[in-house]
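# Could you work out the structure for the sequence below:
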Amino acid sequence: MPYMQQLPTPSITQNQQNPPPSQLDRITELAGDLAGQFELVPLLERVLGHAAALLGCESGSISIVHETEGYYRKEVDQGVGCREGQTFPLTEGLTGQIVNTRGTVILDRYASIPSGHIDPADPRWGSAVIGVPISWAGTIIGTFAIFSDGPGRVFSPADASLVELFANHAAIAIMNSRLHQAAAVKEREAAVAGERERAVQDVHETIGRSLGSLLLHLDRADKATPGGSPSTQHIDSARVLAHEA
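As a prediction, the model looks like this:
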């Protein structure tokens, strides 16, 4: 696989001497980030960073949804209470609303969520927020949220469309990571199966040698026994076992 230069996570503060990257530039840069990468959290951090920077925001989060089990996990959290790694029921928070509506949620104030997880003292409590489902093959596998930097800004449908685009990138990152993990598990299982087969073969050979040794001793005992009939029966049995081994 060719070497891909690692691009730094985008900074929210732009250098005023250089024009801000265009949407196409951000998407092209993100495609480079995703190519050949399988570590999920760094990928999602980059996706979130690109989306937030392009919207001129500093806060957002990406969660992984386990809808069948009824919970979600805050996988990446940028400036929203440091909730990374925590899990919550799907009846709570912005993610709960996204899963319940099965679509994009645009709110002028996060405070309108009945069971949110942001402290009322946090500036984002009264800020606008966009919440977008991360979907794959018709199934919601995560959610993508971007917060405005304070009261006064209202997100537009065009802003939501941009977040939806980056949510598609997040879906690719999540599925690539899962496929990579599944391949790694299969490799480990194959290695274990190979080791098990070698162990069985070793046991098989050990039993074969033991029966061969037993047969040799019985042969010797038979020769030393007058008449030989009882020992001959044991020898025949041992020969059968040694052959089957």
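# going forward, measure contacts between C-alpha atoms and count neighbours the same way
OK.
# Against residue 79, how distant is residue 120?
15 Å (C-alpha to C-alpha, to the nearest Å).
# how far away is residue 98 from residue 66?
Separation of residue 98 from residue 66 (C-alpha to C-alpha): 13 Å.
# Residue 102 now?
Where residue 66 is concerned, residue 102 sits at a distance of 14 Å (C-alpha to C-alpha).
# can you check residue 103 too?
16 Å.
# low-scoring stretches of this structure, by residue?
Across the chain, the ranges flagged by pLDDT under 70 are 1-38, 80-82, 180-196, 199-200, 202-245.
# let's see 50
Applying pLDDT under 50 to the chain flags residues 1-16, 35, 230, 235, 238, 241-242, 244-245.
# for it, what spans make up the helices?
All helices of the chain, identified by DSSP state H, fall at 23-34, 40-54, 93-101, 157-224, 229-244.
# Report all helices and strands that the third one contacts.
Taking 3 or more C-alpha pairs under 8 Å, 6 or more residues apart in numbering; DSSP states H and E as the contact definition, the neighbouring helices and strands of helix 93-101 are strand 129-136, strand 139-147.
# would you turn those strands into JSON lines with distance to residue 113?
Formatted as JSON lines, those follow (distance: least, C-alpha to C-alpha, whole Å):
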{"stretch": "strand 129-136", "distance to residue 113": "11"}
{"stretch": "strand 139-147", "distance to residue 113": "14"}
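# how about these, which one is nearest residue 52?
strand 139-147 (6.6 Å; C-alpha to C-alpha).
# Residue 142 is in contact with residue 67, isn't it?
No - counting by C-alpha atoms under 8 Å, residue 142 stays clear of residue 67, with 9.2 Å between them.
# These two: which is more packed in?
Using other C-alpha atoms under 10 Å, the more surrounded residue of residue 142 and residue 67 is residue 142, with 27 against 15.
# what sits opposite that one in the beta ladder?
residue 64, residue 134 (DSSP bridges).
# Same check on the one 4 residues further on?
Using DSSP bridges, the bridge partners assigned to residue 146 are residue 60, residue 130.
# which ones are touching it?
Shown in contact with residue 146 (C-alpha atoms under 8 Å, 6 or more residues apart in numbering): 52, 57, 59, 60, 61, 129, 130, 131, 163.
# wait, isn't the fifth one in contact with residue 83?
The reference is to residue 61. No - the pair residue 61 / residue 83 is not scored as a contact, 9.2 Å apart, by C-alpha under 8 Å.
# neighbour count winner among those two?
When residue 61 and residue 83 are compared for neighbours, residue 61 comes out ahead with 25 against 17, by other C-alpha under 10 Å.
# Could you report the distance from the more buried one to residue 41?
Counting by C-alpha to C-alpha - residue 61 and residue 41 are separated by 11 Å.
# Kindly report the same for residue 166.
Note on residue 166: its distance to residue 41, by C-alpha to C-alpha, is 15 Å.
# what about those two, which has more around it?
Each of residue 166 and residue 41 has its neighbours counted (other C-alpha under 10 Å); residue 166 has more, 23 against 15.
# Dump the contacts of residue 146 into TSV; add distance to residue 149 as well.
Converted to TSV, the contacts of residue 146 look like this (distance: C-alpha to C-alpha, whole Å):
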residue	distance to residue 149
52	10
57	6
59	7
60	10
61	14
129	10
130	12
131	15
163	16
